[in-house]
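**Q** starting from these lines, generate the structure:
(2 chains)
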Amino acid sequence: MTAVARALGAFARFWKDFLIGEAPELFVGTLVFVGAAQALRHHGAVAVFLLPLIVIVFLATSVVRARDRS
Amino acid sequence: MTTSTVVLALAVFGASAVEMVEALTIVTAAGVTRGWRSALEGAAAAAVVLAALVIAVGVPLARLVPIDVLRVVIGALLLVLGLDWLRKAVLRASGHKALHDEDEIYAKTVAELSDGSAANAGNENAGSSRRRPRDATGFTVAFKGVFLEGMEVVLIVITLGASSGHLALAAVAAAGAAVVVSGAGYLVARRLSEVPENTMKLAVGVMLTSFGVFWVGEGSGLHWPGSDLMILVLVGVFAATALVLSLAMRRIGPSPSAEPDAVGSR
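**A** Numbering: from 1, shown residues only, chains lettered A, B, ... in the order given. Next up, the predicted model:
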């Protein structure tokens, strides 16, 4: 394996660990959040209430899942 | 100075301080076992590479990418990072995950490096000799420790700095944290386990998550009520969420199989 291939592999592993790591549900939650922000951008009050709620739901889900796995 | 600028500086300073505590543990272990000259040179070399990364990636990013696109992408990255820090901080605070033990990491690193240097004469005086020749292992371990822990700081500096137009301020806040932690590390010697790392991580996780939510919204075209002041509201909401989750998980009870973190994990 060349040095370039090794470097690319390490770079890909870094981003996989960074984005997904031990909690893939948080990555999915972030994608859902970005989609919801795009969809709700013209619904001011609803978006202000719903967007933080989406984050809270995914965080709570992730914490409970981690507890169940341990 | 606006509210978001102050929170930004605090978030970068806090994140950098947490990561620097972890890096300092490794550099101290390398310095004591393999000689301070190589360890400090390794740490300095890593700091230079990290600074170069901020300039090479952060400056073009801030100038070339449209601000709304930048805020959505960067906000999403901050959200992933912030939520991961929050999740781990909640699990640690409630006893479902072992606390990050700097003493244990220090002892483990010293043991590994001492084994590797057993063949060297006069090893027991490694830390006291300033004229000791350069040691490749000490240099490499210190370089990797600072570089790996510093990569997240670089990401936070670039993301927070570029999307807010305060890249220089973010870099100065990170450098300030490195100086403060190094100074504190020198004063308290090896008592790094006394640093309230989990509390700091929870506070930074709350700030990163708040910035992530705020910027994804802004970049998507949402107008937050109160503009920048909404960041403080989000900080309050996510801090309360973390507190409630920690208390709820504590009531469930700690897991008997809570494993400590590996070195270098976030």
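**Q** any regions of the stretch 151-266 of chain B where pLDDT drops low?
**A** Within the stretch 151-266 of chain B, the segments meeting pLDDT under 70 span B:188-195, B:253-266.
**Q** mind listing the helices for it?
**A** With DSSP state H, counting those that start in this stretch as the criterion, the stretch 151-266 of chain B has helices at B:167-188, B:197-220, B:229-252.
**Q** now these as JSON lines including mean neighbour count?
**A** All C-beta atoms are positioned from the backbone trio N, CA, C, and that covers glycine. Listed next are the helices of the stretch 151-266 of chain B as JSON lines, based on neighbours: other CB atoms under 10 Å in any protein chain shown:
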{"stretch": "helix B:167-188", "mean neighbour count": "18"}
{"stretch": "helix B:197-220", "mean neighbour count": "25"}
{"stretch": "helix B:229-252", "mean neighbour count": "17"}
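**Q** so which of those is nearest chain A?
**A** Between chain A and those, the shortest gap by CB to the nearest CB is with helix B:197-220, which sits at 4.2 Å.
**Q** which strands and helices sit next to that closest one?
**A** Judged by 3 or more CB pairs under 8 Å, 6 or more residues apart in numbering or on different chains; DSSP states H and E, the packing partners of helix B:197-220 are helix A:24-39, helix A:44-69, helix B:3-34, helix B:67-93, helix B:136-164, helix B:229-252.
**Q** ok so, going back, for the helices of the stretch 151-266 of chain B, give me CSV that also has distance to B:Gly82.
**A** Listed next are the helices of the stretch 151-266 of chain B as CSV, based on distance: least, CB to CB, whole Å:
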stretch, distance to B:Gly82
helix B:167-188, 15
helix B:197-220, 3
helix B:229-252, 8
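**Q** close to chain A: what parts of the stretch 51-200 of chain B are there?
**A** B:72, B:75-76, B:79-81, B:83-84, B:86-87, B:90-91, B:96-97, B:151, B:155 (CB under 8 Å from any CB of the partner chain).
**Q** out of those, who's nearest A:Ala5?
**A** Using CB to CB, B:Met151 is the member of these that sits closest to A:Ala5, with 20.6 Å.
**Q** about what we covered before: just among the residues of the stretch 51-200 of chain B next to chain A, which is most surrounded?
**A** Using other CB atoms under 10 Å in any protein chain shown as the contact criterion, the top neighbour count among these goes to B:Val90, which has 30 neighbours.
**Q** enumerate every residue touching that one.
**A** Contacts were defined as CB atoms under 8 Å, 6 or more residues apart in numbering or on different chains; by that measure B:Val90 touches A:59, A:63, B:202, B:242, B:245-246, B:249.
**Q** dump those residues to JSON lines, plus distance to B:Ser220.
**A** Listed next are the contacts of B:Val90 as JSON lines, based on distance: CB to CB, whole Å:
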{"residue": "A:Leu59", "distance to B:Ser220": "20"}
{"residue": "A:Val63", "distance to B:Ser220": "27"}
{"residue": "B:Leu202", "distance to B:Ser220": "27"}
{"residue": "B:Ala242", "distance to B:Ser220": "25"}
{"residue": "B:Leu245", "distance to B:Ser220": "27"}
{"residue": "B:Ser246", "distance to B:Ser220": "31"}
{"residue": "B:Met249", "distance to B:Ser220": "32"}
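**Q** from these, which is closest to B:Trp224?
**A** The shortest distance between B:Trp224 and any of these, using CB to CB, involves A:Leu59 and amounts to 20.0 Å.
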